[in-house]
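A.B. asks: Sequence and predicted structure are below.
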Amino acid sequence: MSAIHLQNLTKSFGDFAALKTMDLEIADGEFMALLGPSGCGKSTTMNMIAGMEEPTSGKILFGERNMAGVPMGRRGVGFVFQNYAIFTHMSVRQNLAYGPRMRGAAKAEIDRRVGAIAEMLQLSPLLDRKADRLSVNILQRVAIGRSAIMEPAIFLLDEPLSNVDAAFRAVMRTELKQLQRQFRQTMVYVTHDQLEAMTMADRIAVMDHGVLQQVGTPLEVYNNPANVFVARFIGAPGMNLLKGRPSESDRGLVVDLGPLGVTPPLPGELASAVRAVRGDVLYGFRPEQVALAKRGLAVPVSFVERIGARTIVHLGDGESAVKAVFENDVGLSVGQTAIVAPPASSVRVFDAASGHAVKAG
Amino acid sequence: MDARTKPATRDEGARLGFRLTLPAQILVLFISAFPLLMQLYISVTDWSPLSGVGWWNAWEMWNSFANYTDLAADTRFWSALQRTAIVMLVCVPAEFLLGLALATLFADDFPGKRIFYSILLMPMMVVPAVAGYMFFMLFQSGGPVNDILSSLTGSPVTIAWLSDPTLALIAVMVADIWQWTPLMFLILLAGLVGVPEDQIKAATLLGANPWQRFVTIVLPKMKTIIIIALAIRVIENFKIFDTLYIMTGGGPGVATETISVYIYKVTTQDLIWGYVAAIALAILIVLSIVAVFAMKRMARAREVAA
């Protein structure tokens, strides 16, 4: 029983509401990423799951069991800290053995379990090393092993890769994902790095300002953002959002983007949903899906960023700024005018007043 | 690299460094080595300020190490040394344990913490001689200590604290503990707040109870600072004088005569300075051995805790 249910969870520090409200179901064995900018309440959520902080209101259930008042040492939760919090005055072996030793396990039993976990994490040759002279990936494995030896049903990871340099992060991500497959625990992973969330998580919970914005698989969150925040936050660069007014034309419903002109007609189902919106909308499309075309939005090129495999073209400025990502150099240069057209199927529309996505059908 | 900016050769650099530090080296030599050599010289003579010759002519009174052989047989010296050891073995552990307990208390927040903190540090700031007078008055037969004991027991208590050989020693130790626990507290608190909070949380999550956390995480992390605190207090306590001298003058009899008091008396009353030099040198050697031992332990502990 290691599913986690968060019900109407809130947390305030004095007047500051760190977590305004949170309802989240995390399934048994799932890898859930809590993703958001700093101060969004993701770490607070995790600390409450771990029992380091008590919720101001609301419930945390592990399976059927209410965790209110259960101290952190008794929750059966493995926690990997941002800096790993390895006991530097001990050896790797002593670090791994710490949990069982504190619970009074027999010497032979501890040795057996340490041996097994070290084998699994390829730490056996390092067991007698002092823990203060280890590289980060080994520290990560020790941190995971130290928690895993307690066989926790739930693993919580607090931005474990944020202290690692970019090149090494890819290695660590792969390793972490493999470890999760090995242990099959429910994992909750807090991060502000969408790449980590996208590559590792089964589902992502996007948070902002103490409010859960959207929960979904990485592709759902990427393709169908629930609101403007998620649309802008997910993706690098984020989704283009252009303010405009829906208007009927002989080709169907289009969005009048003012100086940028008029968009191609919206596809049928989306169009009928958009007709129900009163007021302005935001016309959204992914920079990666922009194609150069003969007909479409004409915008001047303001800046071209070439980053090897991809080229990011910045078009227009201010309210009407559009970014486009091309797989290779497209021969656009500053001062030219590009005519861009997002494919109709990839267009998303948001209600400008509420920020919510307008759902087709 | 440009030839002009090339640094001087290693030899040249070393020579320049030597020349630049020479004045300081001479000064250090003068204030540390000179008195030591002078002391060594006088300690093998019968010289005293009353002997009519300058100390540099003390060789005229060469007594072929008689001071040292006398010292070995001097029971007053040995019992003073023993008393000093007893005071140290009681006071330093007591100050350490009290200081550690207080530091643990003050590592957490509680209402009024800042005020209590200031109050707690006050004894340390009292001039030891003044503290001596305070405790001298507290421990009078008609003093506040007996008053409190009277009101607690309900019958009049008139213990003559400072006139009883055992009680006088206890009173002196109480004064020392009162005055120096704050220093222990301060040093240990600094060490305690330096223990990484994440590691303590990690230990908690792994199921360690507060006592286990203290023994397995906090104490090992504080090892270096504990050794420093103990070393400071052992050395200082060995030299215990001001408070004690004002409270009891080393008495009754010689009941509270520690090594410093003994040396003071021999110096000012008996005026046999050759002998004083010999005692002081012997103690210096003992203390140096203690210090070297402590430093070694410290270096090893740092290696382990790093």
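C.D. replies: On my side now, so go ahead. Residues are numbered from 1 along each chain as shown, chains lettered A, B, ... in the order given.

A.B. asks: can I assume B:Gly99 is in contact with B:Leu188?
C.D. replies: Yes. Shown here, B:Gly99 and B:Leu188 form a contact pair, counting by C-beta atoms under 8 Å, at 5.1 Å. C-betas here are computed from N, CA, C, even on glycine.

A.B. asks: shared neighbours of the two, which are they?
C.D. replies: Here B:Gly99 and B:Leu188 have B:Ala229 as joint contacts, going by C-beta atoms under 8 Å, 6 or more residues apart in numbering or on different chains.

A.B. asks: Model confidence for the residue most central in space within chain B, exactly?
C.D. replies: The centroid of chain B falls nearest to B:Glu236 when counting by C-alpha atoms, centre = their mean (1.1 Å). Looking at B:Glu236, its pLDDT is 87.

A.B. asks: which non-adjacent residue is nearest it?
C.D. replies: B:Trp180 (7.3 Å; C-beta to C-beta, 6 or more residues apart in numbering or on different chains).

A.B. asks: any idea which helix or strand carries the one you found?
C.D. replies: helix B:165-193 (DSSP states H and E).

A.B. asks: could you give the mean pLDDT of that helix?
C.D. replies: Helix B:165-193 comes out at a mean pLDDT of 92.

A.B. asks: Would you mark the buried spots in that helix?
C.D. replies: B:167-169, B:171-189, B:191-192 (16 or more other C-beta atoms under 10 Å in any protein chain shown).

A.B. asks: So which residues make contact with stretch A:49-56?
C.D. replies: Against stretch A:49-56 from outside (C-beta under 8 Å, 6+ apart): A:4, A:6, A:9-12, A:44, A:47-48, A:60, A:67-68, A:70-72, A:75, A:77, A:79, A:154, A:156, A:188, B:201, B:205.

A.B. asks: okay, how far is it across that stretch, tip to tip?
C.D. replies: 13 Å (C-alpha to C-alpha, to the nearest Å).

A.B. asks: got the buried residues for it?
C.D. replies: For stretch A:49-56, by 16+ other C-beta under 10 Å, it's A:49-53, A:55.

A.B. asks: wait, what's in contact with residue 260?
C.D. replies: I went with chain A, as the question did not name one. Per C-beta under 8 Å, 6+ apart, neighbours of A:Leu260: A:242, A:297-299, A:316, A:320.

A.B. asks: I was after chain B.
C.D. replies: Neighbours of B:Ser260 in contact, by C-beta under 8 Å, 6+ apart: B:84, B:239-241.

A.B. asks: who in chain A is up against chain B?
C.D. replies: A:50, A:52, A:72-74, A:77-79, A:81-83, A:85-89, A:98-99, A:102-103, A:132, A:146-147, A:150 (C-beta under 8 Å from any C-beta of the partner chain).

A.B. asks: Please pick the buried ones from those residues.
C.D. replies: For the residues of chain A next to chain B, a burial check counting by 16+ other C-beta under 10 Å picks out A:50, A:52, A:72-73, A:77-79, A:81, A:83, A:85-89, A:98-99, A:102, A:146-147, A:150.

A.B. asks: Can you tell me which residues in the stretch 101-250 of chain B are near chain A?
C.D. replies: Going by C-beta under 8 Å from any C-beta, the residues of the stretch 101-250 of chain B near chain A are B:196, B:198-199, B:201-209, B:212, B:216-217, B:220-221.

A.B. asks: what's the lengthiest helix in chain A packed up against?
C.D. replies: The helix spanning the most residues in chain A, taking DSSP state H as the definition, is helix A:166-183. For helix A:166-183, the packing partners by 3 or more C-beta pairs under 8 Å, 6 or more residues apart in numbering or on different chains; DSSP states H and E come out as helix A:136-148, strand A:154-158, helix A:194-200.

A.B. asks: Low-confidence ranges, chain B, go.
C.D. replies: B:1-8, B:301-306 (pLDDT under 70).

A.B. asks: Once you drop chain neighbours, what's closest to B:Glu60?
C.D. replies: Counting by C-beta to C-beta, 6+ apart, B:Glu60 lies nearest to B:Val53, which is 6.1 Å off, once chain neighbours are set aside.

A.B. asks: swap in B:Met222?
C.D. replies: That would be B:Gly191: by C-beta to C-beta, 6+ apart, it lies 4.3 Å from B:Met222.

A.B. asks: Now do the contacts for the one you found.
C.D. replies: With contacts defined as C-beta under 8 Å, 6+ apart, B:Gly191 is in contact with B:103, B:221-222, B:224-226, B:229.

A.B. asks: can you check A:Pro237 too?
C.D. replies: A:Pro237 sits next to A:287, A:312, A:323, A:325 when contact means C-beta under 8 Å, 6+ apart.

A.B. asks: same thing but 10 Å
C.D. replies: By C-beta atoms under 10 Å, 6 or more residues apart in numbering or on different chains, the residues touching A:Pro237 are A:286-288, A:305, A:312, A:314, A:323-325.

A.B. asks: Can you select the buried ones from those residues in PyMOL?
C.D. replies: A single PyMOL command selects the buried members of the contacts of A:Pro237 (16+ other C-beta under 10 Å):
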select buried, chain A and resi 286+287+288+312+314+323+324+325
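
A.B. asks: The contacts of A:Pro237: which two are farthest apart?
C.D. replies: A:Arg286 and A:Glu305 (16.6 Å; C-beta to C-beta).

A.B. asks: is it fair to say A:Gln214 lies in a strand?
C.D. replies: Yes. Assessed by DSSP: H, G, I helix; E, B strand; the rest coil, A:Gln214 belongs to a strand.

A.B. asks: And for the residue lying closest to it once chain neighbours are set aside, the neighbour number?
C.D. replies: If the residues on either side of it in the chain are set aside, A:Gln214 comes closest to A:Ala226, at 3.9 Å by C-beta to C-beta, 6+ apart. Per other C-beta atoms under 10 Å in any protein chain shown, the neighbour tally for A:Ala226 reads 20.

A.B. asks: From A:Val215, how far out is A:Ala226?
C.D. replies: 9 Å (C-beta to C-beta, to the nearest Å).

A.B. asks: Can you work out which residues contact both of those two?
C.D. replies: In contact with both A:Ala226 and A:Val215: A:Val206, using C-beta under 10 Å, 6+ apart.

A.B. asks: Bridged to B:Thr45, which residues?
C.D. replies: B:Trp62 (DSSP bridges).

A.B. asks: need the contact list for it.
C.D. replies: Contacts of B:Thr45 (C-beta under 10 Å, 6+ apart): B:51, B:53, B:55, B:57-64, B:66-67, B:273-275, B:277-278.

A.B. asks: name the element A:Arg306 belongs to?
C.D. replies: strand A:291-307.

A.B. asks: likewise A:Ile60?
C.D. replies: Per DSSP H and E: strand A:57-62 holds A:Ile60.

A.B. asks: go on, A:Pro246?
C.D. replies: strand A:240-249.

A.B. asks: What of A:Met32?
C.D. replies: strand A:31-35.

A.B. asks: tell me the angle that strand makes with strand A:154-158.
C.D. replies: 30 degrees (axes from the mean of the first three to the mean of the last three C-alpha atoms, to 10 degrees).

A.B. asks: show me what contacts the spatially closest residue to A:Ala324 that is not a sequence neighbour?
C.D. replies: In space, and not counting its chain neighbours, A:Ala324 is closest to A:Val290: 3.9 Å by C-beta to C-beta, 6+ apart. A:Val290 makes contact with A:240, A:296-297, A:313, A:315, A:322-326, A:338, A:340-343, A:346 under the criterion C-beta under 10 Å, 6+ apart.

A.B. asks: hang on, the earlier thing: from the contacts of B:Gly191, which single one is nearest B:Leu162?
C.D. replies: B:Ala229 (29.8 Å).

A.B. asks: in the stretch 1-150 of chain B, what residue is nearest chain A?
C.D. replies: B:Asp109 (14.7 Å; C-beta to the nearest C-beta).

A.B. asks: Determine the three-state secondary structure at that residue.
C.D. replies: coil.
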